[in-house]
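Novice: I'd like to go over a predicted model; first the sequence, then the structure.
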Amino acid sequence: MAKKANNPQALLGYEAQLWQMADALRGSMDAAEYKHVVLGLIFLKYISDAFEEQHARLVAEQAQGADPEDPDEYRAASIFWVPVEARWAHLKALARQPGIGQIVDDAMAGIERDNPALKGVLPRDYARPALDKQRLGQLIDLISNIRVGDEASRAKDVLGRVYEYFLSQFASAEGKKGGEFYTPRCVVKLLVEMLEPYRGRVYDPCCGSSGMFVQSVEFIRAHANGNGNGGKAPNGSKADISIYGQESNYTTWRLARMNLAIRGIDSGQIAHGDTFHQDRHPDLKADYILANPPFNISDWGGERLRDDKRWQYGAPPAGNANFAWVQHIVHHLAPAGVAGFVLANGSMSSNQSGEGEIRKSLIEADLVDCMVALPGQLFYSTQIPACLWFLARDKQGSPLPRAGEGLGERARDRRGHVLFIDARKLGPLVDRTHRELTDEDVARIANTYHAWRGEPEAGEYADVPGFCKSASLDEVRKHGHVLTPGRYVGAEAQEDDGEPFAEKMQRLTATLREQQAEALRLDAAIAANLRELGYGW
């Protein structure tokens, strides 16, 4: 059962049915456009559900002085105020009217007007002629049948599950473009489980739809009882982290803000803009950085940033932003900060345009903590094989953060060593084209890293041929500062079958001679049959 635990198609029932019904209403509309139509309506249903439940409570308490039409009564309970024109009952009653597009736009405008935290976030183009109003009305009717924002649904994170499932399905439908806003949940979970962001400043310089932040908060809430065994925290417990992010695509930035808002996470420090040319957090020094930068982008404007202060380890090539992302991340790391991020496999070995020298400088500065080779077919956006980089400013054994109060034991002194993990053989296929890491896979990789760092609860670390290896900087130098795990972990140990080598070779060569003779016999039979048909030679 656990193998399916983070497979959306295995976990989710009605979410998949809801997706199928909603997708059937898409018609000829492009998935990239339809994404905002559907997710905007689901968000509106969420805040309306929460509002209506609180409204009913206040109506029942009017005799005690409660006012169901006072916005402050809702804000005090961390519930968005929904004006009359935006309440779901109003939209549902008018769903089949030809002007429903404008009615939805007016609802979104009213919510943004009365809730400054959502200003500029919600989609407001439902009245456009290209959007079939009959299908829009059908979609409203469909979403009317699910409860996503009442207290019971919030406790089960119904909206989070629906939203996450829809994001993954849209990413799949959009193909390459989908990866711009969505990182597969299993990859995000692996990054978070390895870095364990219990408290402090968490930063994602290319945050997409904010999956890194959502998973970070989920991680903390799951470990908030302090015993690290995954027990759930009390409902409503808050994570002791502050999040900072930036996203260059405006529509994706809006998705990010909505994704955080539905989970009650402050999105005030999620900025819109080009991270390289308009860094909106220039003075930030983050305790944790998690990111999935776009792979190998060539049009990042590097030629205009040749002397940027972030390039401490060498100017990145103008034709590839990989090492610009790496150095931007290093620049924003706090003195004891750690970072985990996704890059294309080429970053581990490329020597083009000075990339090899930058990688060498990073290694010699002892910033590289761990490298993980990922299995193929994990990403919706590309078939390019990918890896995870983990960087640490302080590898000499600083205290580890823990759930609850204070810090835990000190990490092991890892200076002068890099952990290599080859996870390419992990992760089952969930459909013909996509693979996912299971919860066991994530736990195996993360526990290996934790054991290597010296965390007692992770057990003793040991090299495992074919899977993991702790290599010294001297070994890395001998490999020309190439960071591909396969070079270090060696071959997986083969189980000895007990057959002496000489006997095995004799048996195998005899089998080979038999198969060769059989091949000759079959060739002769085929030739004879062809001659009988008049096609002989």
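Specialist: Good, I have the coordinates. Bear in mind the structure is a predicted one, so any value in this text is a computation, not a measurement. Numbering: from 1, shown residues only.
Novice: all helices for the stretch 351-500 of the chain, in order.
Specialist: Ranges of helices in the stretch 351-500 of the chain, per DSSP state H, counting those that start in this stretch, are 355-364, 439-453, 473-478, 486-489.
Novice: Mind putting those into a markdown table with mean pLDDT?
Specialist: What follows is these, written out as a markdown table (pLDDT from 0 to 100):
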| stretch | mean pLDDT |
| --- | --- |
| helix 355-364 | 97 |
| helix 439-453 | 95 |
| helix 473-478 | 96 |
| helix 486-489 | 94 |
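Novice: can you list those in TSV and add distance to residue 62?
Specialist: To be clear about C-beta, it is placed using only N, CA and C from the backbone, and glycine gets the same treatment. Output for the helices of the stretch 351-500 of the chain, formatted as TSV (distance: least, Cβ to Cβ, whole Å):
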stretch	distance to residue 62
helix 355-364	64
helix 439-453	48
helix 473-478	71
helix 486-489	68
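Novice: Can you check which of those helices gets nearest to residue 394?
Specialist: Among the helices of the stretch 351-500 of the chain, helix 439-453 comes nearest to residue 394, with 11.6 Å by Cβ to Cβ.
Novice: buried sites along that closest one?
Specialist: Across helix 439-453, burial judged by 16 or more other Cβ atoms under 10 Å covers 439, 441-453.
Novice: ok, now stretch 33-40?
Specialist: For stretch 33-40, the neighbour count (16+ other Cβ under 10 Å) marks 34-40 as buried.
Novice: Tell me which residues are up against that stretch.
Specialist: With contact meaning Cβ atoms under 8 Å, 6 or more residues apart in numbering, stretch 33-40 is reached by 22, 26, 29, 108, 122-123, 126, 131, 136, 139, 163, 166-167, 170, 174, 251, 254-255, 258.
Novice: just the buried members of the residues you listed?
Specialist: With burial judged by 16+ other Cβ under 10 Å, the buried subset of the contacts of stretch 33-40 is 22, 26, 108, 122-123, 126, 131, 136, 139, 163, 166-167, 170, 174, 254-255, 258.
Novice: one step back: list the ones among the contacts of stretch 33-40 that fall in strands.
Specialist: Among those, no member falls in strands (criterion: DSSP state E).
Novice: Tell me where the stretch 401-537 of the chain has strands.
Specialist: For the stretch 401-537 of the chain, the strands defined by DSSP state E, counting those that start in this stretch occupy 407-410, 417-422, 468-472.
Novice: any idea which strand is longest in this structure?
Specialist: From DSSP E, the single longest strand across the chain is strand 333-344.
Novice: ok, and what's touching that one?
Specialist: 183, 187, 191, 194-195, 200-201, 285-293, 295-296, 322, 325-326, 329-330, 369, 374, 384-394, 398.
Novice: Which entries within those meet the buried criterion?
Specialist: The buried subset of the contacts of strand 333-344 (16+ other Cβ under 10 Å) comprises 183, 187, 191, 194-195, 200-201, 286-293, 295-296, 322, 325-326, 329-330, 369, 374, 385-394, 398.
Novice: Tell me where the stretch 1-150 of the chain has strands.
Specialist: Read by DSSP E, counting those that start in this stretch, the stretch 1-150 of the chain holds no strands at all.
Novice: picking up where we left off before, tell me the most buried of the strands of the stretch 401-537 of the chain?
Specialist: strand 417-422 (a mean of 24; mean count of other Cβ atoms under 10 Å).
Novice: check contacts around the residue nearest to residue 53 when sequence neighbours are not counted.
Specialist: Once flanking residues are discounted, residue 53 sits nearest to residue 150: 4.7 Å by Cβ to Cβ, 6 or more residues apart in numbering. Taking Cβ under 8 Å, 6+ apart as the criterion, residue 150 is in contact with 49-50, 52-53.
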